[in-house]
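Peer 1: predicted coordinates and the sequence they were generated for:
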Amino acid sequence: MYLLRNTLRPYAWGSTTAIAELFGREPSGGPEAELWIGAHPGAPSALVPPVDGSETLDELIAADPELMLGADTAGRFGPELPFLAKILAAGAPLSLQVHPTSEQARAGYAAEEEAGVDRDARERNYRDGNSKPEMIFALTPFEALCGFREPEDSADLFRAVNAAVTAAGREVPDLLEWIAAELSSGHPAPVRLQSVFRTLINDGEAVREAVELAAAAVAKLTDRGEYARELSTLIELNGYYPGDPGVLISLLLNRASLQPGEAVYLPAGNVHAYLSGLGVEVMAASDNVLRGGLTPKHIDVPELLRTVDFRPLGVPYVAAEDTREGQQVFRPPFEEFALQRLELAQGPSGANGDSLPAEAPVLQHGPAVVIAVRGTIALTSTSGSLTLEPGDSAFLPAFEAPVVARLAADSAQHDDGALAFAVTVGSVPAGEADSPRLDIEA
């Protein structure tokens with residue numbers, strides 16, 4: 001097992017306090033958006049101390065991929081860690097974005113490489129040839145936009161906006177009238193949603209004027225009725241990105257409000273944006289992002305439209321699977337990763353007063369990373385042990401399984417016990433059915 005030191009990303013949308021409060025340290029004074037735990041080349045975790053000439057996790061894995069990842073993981077995903085874990089703290093809304101399928105990523109990457117587009121160029125869409133499925137687990141109340149609503153629901157929202165414009169004594173723009181009518185037409189749902197999305201994302205003065213007028217009119221409402229949450233989001237987004245088409249696009253999308261302990265997954269083609277909150281984010285190790293609004297960054301509209309899945313989709317929650325050891329596992333429908341919530345205590349300390357164990361096996365299909373959030377946890381294997389304090393993390397190579405997480409002596413004295421998260425490859429590799437794993441209750 002290897003202790004890691006991780007990179008904290010200071011993106012402007014990051015909270016200035018959430019990650020510091022989570023780990024019980026002083027804030028840095030600037031935005032703290034994402035803590036990266038993994039081997040992504042953009043910010044690989046450092047090894048503490050360096051090991052046999054390797055200073056970072058990606059270097060350690062590259063020196064012997066099969067030993068570190070396991071033969072099956074290396075065979076399926078190549079000589080790189082297939083996932084990246086993050087602690088994400090959104091103090092302001094992130095951009096609307098979508099991620100490609102594996103086929104789209106491979107084709108797009110090959111085309112840009114052949115065209116000689118610099119990998120750091122602003123207009124570059126595909127930094128690698130991989131898909132980028134994601135999952136977010138809420139540590140605090142977490143707000144997001146996620147996937148398309150049924151068009152009839154969005155039509156009701158736009159009619160509410162139009163009524164607000166009328167109530168403000170203004171004439172409803174033709175664009176807003178057309179959107180409400182188009183979403184209510186008899187065309188197939190994906191066709192209606194694509195038509196409205198395409199019109200808005202192509203921007204133009206009419207769109208910007210409609211955004212500003214809609215936000216100003218809604219802000220004057222003293223009672224926003226049954227659509228209060230969605231209409232308040234419209235005002236908030238326009239405050240961050242005045243006149244941006246993504247402000248109105250938000251009314252086409254599901255508004256997801258996660259409570260702590262809930263998770264959603266984001267498949268390829270799903271338009272989404274995180275709005276606020278603190279969570280554990282897990283994703284495939286890719287940089288492929290196509291933006292669709294709420295951003296000053298490059299938007300490649302034709303490529304975006306080829307990538308978006310316009311089918312209506314309910315909020316894609318990931319149900320927790322309870323293990324016999326009293327732990328929870330979150331398995332989205334992706335092969336790259338799964339997430340384990342490790343909560344340890346002496347006696348009844350669970351959310352429902354359930355008795356929690358003082359130790360539990362770490363879910364491990366090949367490699368894994370563990371990050372401690374609360375209390376002190378001791379990781380032990382047949383080859384050694386490692387103690388993690390809040391904010392510490394570790395890489396568990398495939399050859400070191402099985403690993404057991406134990407409540408350290410000092411945490412055993414506290415009622416809160418300890419909490420950590422483990423990320424590993426998403427499914428039991430073929431031919432390794434007897435590998436150590438957690439038993440899931442039926």
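Peer 2: On my side now, so go ahead. Numbering: from 1, shown residues only.
Peer 1: the closest residue to residue 335 other than its chain neighbours - how many residues pack around it?
Peer 2: Once flanking residues are discounted, residue 335 sits nearest to residue 426: 4.7 Å by C-beta to C-beta, 6 or more residues apart in numbering. Where C-beta positions appear, they are placed from N, C-alpha and C, glycine not excepted. The tally of other residues near residue 426 (other C-beta atoms under 10 Å) stands at 21.
Peer 1: contact partners of the helix or strand containing residue 199?
Peer 2: Using DSSP states H and E, residue 199 sits within helix 189-201. Identification of contacts with helix 189-201 by C-beta atoms under 8 Å, 6 or more residues apart in numbering yields 148, 150-151, 154, 175, 178-179, 182-183, 185, 187, 207, 245, 248-249, 252, 292-293, 299, 301, 304-305, 308, 310-312.
Peer 1: what's next to the longest helix seen in the chain, contact-wise?
Peer 2: Taking DSSP state H as the assignment, the helix of the chain that covers the most residues is helix 151-167. The contact list for helix 151-167 (C-beta under 8 Å, 6+ apart) reads 148, 171-173, 176-177, 179-180, 183-184, 189, 192-193, 196, 213-214, 217-218, 220-221, 224-225, 227, 230-231, 234, 251-252, 312.
Peer 1: just the buried subset of the residues you listed, please.
Peer 2: 148, 172-173, 176, 179-180, 183-184, 189, 192-193, 196, 213-214, 217-218, 221, 224, 227, 230-231, 234, 251-252, 312 (16 or more other C-beta atoms under 10 Å).
Peer 1: if we ignore the residues flanking it in sequence, what's nearest residue 155?
Peer 2: In space, residue 155 is closest to residue 183, 3.7 Å off (C-beta to C-beta, 6+ apart).
Peer 1: what score does the one you found have for pLDDT?
Peer 2: Per-residue confidence (pLDDT) for residue 183: 98.
Peer 1: in contact with residue 367, which residues?
Peer 2: Residues near residue 367 by C-beta under 8 Å, 6+ apart: 61, 68-70, 73, 81, 395-398, 424-425.
Peer 1: helix or strand with the lowest mean pLDDT in the chain?
Peer 2: Ranking every helix and strand in the chain by mean pLDDT, DSSP states H and E puts strand 347-348 at the bottom, with a mean of 59.
Peer 1: number of nearby residues for residue 51?
Peer 2: Close neighbours of residue 51, defined as other C-beta under 10 Å, add up to 13.
Peer 1: number of nearby residues for the nearest residue in space to it that is not next to it in sequence?
Peer 2: Counting by C-beta to C-beta, 6+ apart, residue 51 lies nearest to residue 60, which is 5.9 Å off, once chain neighbours are set aside. When neighbours are counted by other C-beta under 10 Å, residue 60 registers 25.
Peer 1: again, but for residue 170
Peer 2: Residues near residue 170, counting by other C-beta under 10 Å, number 13.
Peer 1: repeat for residue 122
Peer 2: For residue 122, the count of nearby residues is 7 (other C-beta under 10 Å).
Peer 1: I'm done for today, thanks for sticking with me.
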